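[1] I need the structure of the sequence given here:
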Amino acid sequence: MDETKPKPDYSWNLLAFYALILFTIGEFILGISATSNIAALMILFGLGKAYFIVTRYMNIGRLFSDEEEHA
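    Numbers count the residues shown, from 1 in each chain. Purely as a prediction, here's the structure:
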């Protein structure tokens, strides 16, 4: 019996990866400009990166799901 499993959709993970790249480049550019008024913007960049990491790569949604999946 050859059961074919559907391939997982990695498009959201790739989108998160590219977003992390853009956030990191933006942080670098802001960091080398070194003005004193960029602290809030740097925090926003950090929060954006943390959001993508927690939701896409740490699979935090599984923690609060009703289904218990054991693989």
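
[2] so which residue is dead centre in this protein?
    Central residue check for the chain by C-alpha atoms, centre = their mean: the C-alpha nearest the mean position is that of Phe52, 2.0 Å away.

[3] pretty sure that residue contacts Leu20?
    Yes: applying C-beta atoms under 8 Å, one finds Phe52 in contact with Leu20, separated by 5.7 Å. Bear in mind the C-beta positions are built from the backbone N, C-alpha and C, glycine included.

[4] and the helix or strand containing Glu27, what's buried?
    Assigned by DSSP states H and E, Glu27 falls within helix 11-33. Neighbour-count burial for helix 11-33, counted by 16 or more other C-beta atoms under 10 Å, picks out 16, 20, 23, 26-27.

[5] looking at it, Met42 is touching Gly26, isn't it?
    No: using C-beta under 8 Å, Met42 makes no contact with Gly26, being 9.4 Å away.

[6] just checking, next helix/strand downstream of the helix holding Glu27?
    Tracing the chain C-terminally past helix 11-33 and defining elements by DSSP H and E, one meets helix 39-52 next.

[7] report the contact partners of the residue nearest to the centre of the chain.
    16, 19-20, 23 (C-beta atoms under 8 Å, 6 or more residues apart in numbering).

[8] same check on Gly61?
    For Gly61, the contacting residues are Thr55, by C-beta under 8 Å, 6+ apart.

[9] gap between it and Leu22?
    Here Gly61 is placed at a distance of 23 Å from Leu22 (C-beta to C-beta, to the nearest Å).

[10] could you list the low-pLDDT ranges of the chain?
    Counting by pLDDT under 70, the ranges of the chain that qualify are 1-2, 67-71.

[11] looking at the contacts of Phe52, which is nearest Arg56?
    Relative to Arg56, the closest of the contacts of Phe52 is Ala16; by C-beta to C-beta it sits at 3.8 Å.

[12] what's the local residue count around the residue lying closest to the closest one once chain neighbours are set aside?
    With C-beta to C-beta, 6 or more residues apart in numbering as the measure, Arg56 is the residue that lies nearest to Ala16, at 3.8 Å, once sequence neighbours are left out. Burial of Arg56, expressed as a neighbour count using other C-beta atoms under 10 Å, amounts to 18.
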